[in-house]
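Asker: Dropping the sequence and predicted coords here.
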Amino acid sequence: MSGHSKFANIKHKKEKNDAAKGKIFTIIGREIAVAVKEGGPDPSNNFKLATVIAKAKANNMPNDTIERGIKKAAGEGGNVNYEYITYEGYGPSGIAIIVDTLTDNKNRTAANVRAAFTKGGGNVGTPGCVSFMFDKKGQIIVDKEEVEMSSDDLMMTALDAGAEDFNEEDDSYEILTDPDAFDEVNKKLMDAGIPMLSAEVTMIPQNYVELSNEDDIKCLNRILDLLDEDDDVQAVYHNWDE
């Protein structure tokens, strides 16, 4: 999604009820567990954990919740084995969809993802069938109402920190980075006191597709809603121009 639609989507999700917030915390908690298991509990020596912590803070996860998650993952409680699995497929009118999951039961997850696509008139494809239509980037979204800097000053701060690109939208600023530079850029902006609505490594469509048929829009929303409700689903990317 572009900066503006990404901004609107984030604001919408942040305004949802506590159950939705609980889903976000569940997602991040699993990511913390995997990151600690793979690289240890020290974010200064664990790039993946540092990235997940940045995401947690951007979603207003309390620091003590983050610390508990790290300690649990590093101790005897961290014995659940999660596996990252990515699904790719098509929604109505060929909309490209990528689904990142983190699961302890891949059979359950595969069945749920396929069911979501089927119920919305889409289908799961083979690995790589749509990912070539996306670019992997570090993306930081800043709410215009929350930052005191001018757009020029913020742009220079971001570029000096190592960002690749800076875009101004109606309600927000979008800062893009190389995925490998995301942690460093994010840290420098945090140290500079830049408030962030969202900070994550994401998949950005190279081109967007508009839908005019109401049935197609309804079916696509059905797919996205079902995926959003699944605790195993970490993130969903698509090229629909909402």
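Answerer: Ah, there it is.

Asker: what's the next secondary structure element after the longest strand anywhere in the chain?
Answerer: Longest strand of the chain, by residue count under DSSP state E: strand 134-143. Downstream of strand 134-143, the next assigned helix or strand under DSSP states H and E is helix 151-161.

Asker: same for the lengthiest helix in the chain, what does it pack against?
Answerer: Criterion DSSP state H: the longest helix present in the chain is helix 18-39. Using 3 or more Cβ pairs under 8 Å, 6 or more residues apart in numbering; DSSP states H and E, the elements in contact with helix 18-39 are helix 47-58, helix 63-74, strand 96-103, strand 233-238. All C-beta atoms are positioned from the backbone trio N, CA, C, and that covers glycine.

Asker: Output the second one as PDB, restricted to C-alpha atoms.
Answerer: Think helix 63-74. C-alpha atoms of helix 63-74 as PDB (Å, rounded to 0.1, in the frame of the first residue of the first chain):
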ATOM      1  CA  ASN A  63       7.900  -2.400  27.700                       C
ATOM      2  CA  ASP A  64       7.200  -4.900  30.500                       C
ATOM      3  CA  THR A  65       5.200  -7.100  28.100                       C
ATOM      4  CA  ILE A  66       8.200  -7.000  25.600                       C
ATOM      5  CA  GLU A  67      10.600  -7.900  28.400                       C
ATOM      6  CA  ARG A  68       8.400 -10.800  29.700                       C
ATOM      7  CA  GLY A  69       8.200 -12.200  26.200                       C
ATOM      8  CA  ILE A  70      12.000 -12.100  25.800                       C
ATOM      9  CA  LYS A  71      12.600 -13.700  29.100                       C
ATOM     10  CA  LYS A  72      10.000 -16.400  28.500                       C
ATOM     11  CA  ALA A  73      11.500 -17.200  25.100                       C
ATOM     12  CA  ALA A  74      15.000 -17.400  26.600                       C
END
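
Asker: and residue 26, how many neighbours?
Answerer: Residue 26 has 14 neighbours, counted by other Cβ atoms under 10 Å.

Asker: close enough to count as contact, it and residue 231?
Answerer: Yes: contact criterion Cβ atoms under 8 Å: residue 26 and residue 231 qualify, at 5.8 Å.

Asker: Domain ranges for the chain, per the record?
Answerer: 3-74, 83-132+206-238, 134-205 (automatic domain parsing).

Asker: JSON lines please, covering the ones you listed and showing mean pLDDT.
Answerer: Formatted as JSON lines, these follow (pLDDT from 0 to 100):
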{"stretch": "domain 3-74", "mean pLDDT": "81"}
{"stretch": "domain 83-132+206-238", "mean pLDDT": "95"}
{"stretch": "domain 134-205", "mean pLDDT": "92"}
